[in-house]
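Novice: quick one, fold the following:
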Amino acid sequence: MRINTGPLVVALAVAIVTLIASSGGAGPRTELNAERNASGSGNRVATSSDMMALSSDTADGSQQLILIDLRARSIAVYQVSRGTGQLALKSVRNVHSDLQMDDFNGGSPSPQEIRSLLDHR
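Specialist: A predicted model of the protein is given here:
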């Protein structure tokens, strides 16, 4: 029997974002927004002021759930099996230091080269 995990992933994403948003204690209440991509491609987004959850179908037939903690600047990626609904953590990364770089694998001209050209004007 094949399980349709589409609604499961959306419900999971909304539940996680809602739980995290509501566990803020004395902080202001956050509004949760959930929407399906207008193209109907199966991509879904749920957001609060502190969290973002993105769900999409993958080429191998599973679904991918990405949770972004906006305050901690961390990203977690999960894979959801369509057949069983099993959730597997694939990677976690704090991107704070990544975002401090001016350039990485960006090609030419680099930001430094552009600044150098502008300084000589």
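Novice: by mean pLDDT, flag the weakest helix or strand of this structure.
Specialist: helix 6-22 (a mean of 51; mean pLDDT, DSSP states H and E).
Novice: right, and residue 95 touches residue 74 too?
Specialist: Yes - applying Cβ atoms under 8 Å as the test, residue 95 and residue 74 come out as touching, 7.0 Å apart. Bear in mind the C-beta positions are built from the backbone N, C-alpha and C, glycine included.
Novice: the helix or strand harbouring residue 55 pairs with which strands, parallel or anti?
Specialist: For residue 55, the host element (DSSP states H and E) is strand 51-57. Strand pairing for strand 51-57, determined by DSSP bridges: strand 44-47 (antiparallel), strand 63-69 (antiparallel).
Novice: what pLDDT is listed against the residue nearest to residue 72 when sequence neighbours are not counted?
Specialist: Once flanking residues are discounted, residue 72 sits nearest to residue 94: 6.8 Å by Cβ to Cβ, 6 or more residues apart in numbering. At residue 94, the predicted lDDT confidence score is 97.
Novice: who are the contact partners of residue 94?
Specialist: If a contact means Cβ atoms under 8 Å, 6 or more residues apart in numbering, then residue 94 has 72, 73, 74 as its contacts.
Novice: between those, which sits nearest residue 109?
Specialist: Looking at these and their distance to residue 109, the nearest is residue 73, at 27.6 Å (Cβ to Cβ).
Novice: residues in contact with the closest one?
Specialist: 94, 95, 96, 99.
Novice: biggest separation within those, which pair?
Specialist: Using Cβ to Cβ, the two most remote members of these are 94 and 99, lying 10.0 Å apart.
Novice: just the element for residue 72, please.
Specialist: Under DSSP H and E, no helix or strand contains residue 72.
Novice: ok, it to residue 54 distance?
Specialist: Applying Cβ to Cβ, to the nearest Å, the value for residue 72 to residue 54 is 17 Å.
Novice: and the two? Which one has more around it.
Specialist: Neighbours were counted for residue 72 and for residue 54 using other Cβ atoms under 10 Å; residue 54 has more, 18 against 12.
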